[in-house]
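Visitor: one predicted model, sequence on top.
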Amino acid sequence: MSFKTPSPLLPEIFALHGKWRGADPAVVVGEHVWTWREFTAAAHQFAHGLHTLGIEPRDRVGLLMTNGFAMVQAIFGCMAAGVVVVPLNTAVSDVAAVNMLRDAGVKAVVASDDLMPRLNAVTEQIDDVVCKLMPAIDKKLAAGWTSFTQMCAGQPPTLPPLSITGGDLINIIYSSGTTGVPKGIAHDHAGRRDWAYDLGLALRYHGGARTLLTIGLYSNISWVAMLTTLLSGGCIYVASQFDEYAFIDLVSQHRITHTAMVPIQFQRVIEALPRRSHADMSTMQAMMSCGSPLREPLKRAIFHHFDCGVIELYGLTEGIITTLETEHAEGRWASVGRPLLGTDICIVDSNGCRLPANESGEICARGRIAMPGYWRRNDANSAATYVDDEGLVWMRSGDIGYVDSEGFLYIVDRKKDMILSGGQNIYPQDIETVAAGHPAVFDVAVIGLPSAKWGETPVALAVLRAGSDTDALMIKKWVNERVGKQQRLADVIVVDALPRNPNGKILKRELREEYKERHYA
């Protein structure tokens, strides 16, 4: 006889929160507050409704939705039903959406009212969809679609019996699909639960957390903040979109304690703070930055303006994560910290040999939060696999970095973004760090473009600060005086903005494609 029960999965944990934290706030959207009892009841009714419509555990359900309670209900309703959530980035093209939904083999799709026409057209190209769901908040229901209200009517507010295990999938998040074969990153229930536990400790979440979500809920960055908050029994505040002034006002008004954003968002908040001098930011307890490098000047500025500082997270949706705790930032501003609890990392060269401290190579990781694998992509799984001399299996990141003698990781660059110039490897991030220090530069990206002499040569795309009268030649001269001879820029091109994905990463592939016809001596 044993009193011990199996470790509960996320839907079971949330159901217990609904029981024991029933009157506490769980979700806030605008002025509307849903308690834990109301939130879990809505998710459970959604889950029962899916089953009534013929959607079974382990089926896949595609979501194309803008932020709001309906999306929260859909995500957690799918989890409670044991079906696999496939959230699509709202910025993807229709071609990419079709590729992803087909690849996932979805049996149902869910759209917010504003995106229903787009998803309706897309699903006409997919054969296996048996039902289409929309909130129909304005009561205008499209033909062939079922409203949340219709589906949930009369359904019990209790968690359906879970006929899944920790090894069953909870979500598939796509990292590509515009061209070629989509690459879906699959996570299972146990892995997502453990991921949320470990991140909750690293990012300092607790039952009193009030977390502001400013990025689309399809993003893994939002899932970090969302799952860690709700696992802890806290409350999420869902913003429809990001605005720096609205962010400051919401933090002050609702006494926000936590958030997760990308560097460009932090930069806009810092620049907006002087115009909101009355705002109270003192309630903020922990903030996470991820998605792209948090450069030292901005990191220092965040520490200056926020008493809590910022925890920089380096990670891949696939399950590689390090964090630089605020206590370790001083003197290590360029570091992304040490591995998450239970995660191990190593650095390997191009021959698969392990490298010692302070030598750069590909970052590899292993641990309990790693994805089981890419969805139906054995080729991608093989390409991402590194097996060491002891037979241990590690996941390749595609990123270049090194670990110092104290165990802190430093990112050098993305392997695919590396510039090969005259037979030498040049890492754009090194040049970007210098260029970002120019007082006129607001944003910058360095790419390799064709060179008759060197094969490739570094070129910077720079966004200037408003009102700056500095020209491209002045910036080029300034940077080239501060970088190594082989790192010198062949050109600086001033642009209005840099293309970024919703997670803040600069889309260098698009920049290389746009400027590929430029050739240099």
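Guide: Ah, there it is.

Visitor: tell me the secondary structure at residue 314.
Guide: Using DSSP: H, G, I helix; E, B strand; the rest coil, the structure places residue 314 in strand.

Visitor: now do the contacts for the spatially closest residue to it that is not a sequence neighbour.
Guide: Leaving aside its sequence neighbours, residue 314 sits nearest to residue 336 (CB to CB, 6 or more residues apart in numbering; 3.6 Å). For glycine as for every other residue, the C-beta is placed from the backbone atoms N, C-alpha and C. Each residue near residue 336 by CB atoms under 8 Å, 6 or more residues apart in numbering is listed here: 312, 313, 314, 322, 323, 324, 409, 410, 411.

Visitor: next, count neighbours for the fifth one.
Guide: Right, the one you point to is residue 323. By the measure other CB atoms under 10 Å, the count of residues near residue 323 is 25.

Visitor: isn't there a strand covering it?
Guide: Yes - counting by three-state DSSP, residue 323 is part of a strand.

Visitor: residues in contact with it?
Guide: 202, 203, 311, 312, 313, 314, 336, 337, 338, 340.

Visitor: do the same with the fourth one
Guide: Residues in contact with residue 322, defined by CB under 8 Å, 6+ apart, are 313, 314, 315, 336, 337, 338, 339, 340, 343, 345, 409.

Visitor: distance check, the residue nearest to residue 314 against residue 138.
Guide: For residue 336, the distance to residue 138 (CB to CB, to the nearest Å) stands at 45 Å.

Visitor: check residue 282 too.
Guide: Relative to residue 138, and taking CB to CB, residue 282 is found at 39 Å.

Visitor: the more surrounded of these two?
Guide: A count of neighbours by other CB under 10 Å puts residue 282 above the other of residue 282 and residue 138, at 12 against 7.

Visitor: I figured that one hits residue 305, correct?
Guide: No - in this structure residue 282 lies outside contact range of residue 305 using CB atoms under 8 Å: 11.1 Å.

Visitor: partner strands of the worst-scoring helix or strand of the chain on mean pLDDT and their direction?
Guide: When each helix and strand of the chain is scored by mean pLDDT, DSSP states H and E, strand 424-426 comes last, with a mean of 77. As defined by DSSP bridges, the strand partners of strand 424-426 come to strand 419-421 (antiparallel).

Visitor: quick check on the closest residue to residue 206 other than its chain neighbours: phi, psi?
Guide: Spatial nearest neighbour of residue 206, chain neighbours left out: residue 232 (5.4 Å); criterion: CB to CB, 6+ apart. Main-chain dihedrals, residue 232, degrees, to the nearest 10: phi -80, psi -10.

Visitor: quick one, what contacts residue 232?
Guide: Residue 232 makes contacts with 200, 205, 206, 207, 209, as judged by CB under 8 Å, 6+ apart.

Visitor: quickly note the distance from it to residue 224.
Guide: Taking CB to CB, one finds residue 232 at 13 Å from residue 224.

Visitor: and residue 465, by the same measure?
Guide: Distance, residue 465 to residue 224, using CB to CB: 31 Å.

Visitor: same deal with residue 471?
Guide: From residue 471 to residue 224 the distance is 41 Å (CB to CB).

Visitor: name the residue in these two with the higher neighbour count.
Guide: residue 224 (27 against 12).

Visitor: thought the more buried one was touching residue 205?
Guide: No - judged on CB under 8 Å, residue 224 makes no contact with residue 205 at a distance of 9.9 Å.

Visitor: common neighbours of these two, please.
Guide: In contact with both residue 224 and residue 205: residue 199, using CB under 8 Å, 6+ apart.

Visitor: helix/strand/coil for residue 259?
Guide: State at residue 259, reduced to three classes by three-state DSSP: strand.

Visitor: contacting residues around it?
Guide: Here residue 259 is in contact with 211, 212, 213, 214, 225, 247, 251, 284, 287, 288 (criterion: CB under 8 Å, 6+ apart).

Visitor: any low-confidence regions in the stretch 301-450 of the chain?
Guide: 422-423 (pLDDT under 70).

Visitor: in it, which spans are helices?
Guide: Ranges of helices in the stretch 301-450 of the chain, per DSSP state H, counting those that start in this stretch, are 378-383, 428-435.

Visitor: with just CA atoms, put the shortest one into PDB.
Guide: Output for helix 378-383, consisting of C-alpha atoms alone and laid out as PDB, is shown next (Å, rounded to 0.1, in the frame of the first residue of the first chain):
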ATOM      1  CA  ASN A 378      13.400  12.200 -38.500                       C
ATOM      2  CA  ASP A 379      15.800  14.100 -40.700                       C
ATOM      3  CA  ALA A 380      15.700  17.100 -38.500                       C
ATOM      4  CA  ASN A 381      16.000  15.000 -35.400                       C
ATOM      5  CA  SER A 382      19.200  13.300 -36.800                       C
ATOM      6  CA  ALA A 383      20.700  16.700 -37.800                       C
END
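
Visitor: domain ranges for this structure?
Guide: 10-193, 254-413, 418-514 (automatic domain parsing).

Visitor: make JSON lines from those and add distance to residue 218 to it.
Guide: Shown next, in JSON lines, are the domains of the chain (distance: least, CB to CB, whole Å):
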{"stretch": "domain 10-193", "distance to residue 218": "4"}
{"stretch": "domain 254-413", "distance to residue 218": "11"}
{"stretch": "domain 418-514", "distance to residue 218": "8"}
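
Visitor: nearest to residue 220, out of these?
Guide: domain 254-413 (4.4 Å; CB to CB).

Visitor: go ahead and measure how far the closest one is from the middle of the chain.
Guide: 12 Å (CA atoms, centre = their mean, to the nearest Å).
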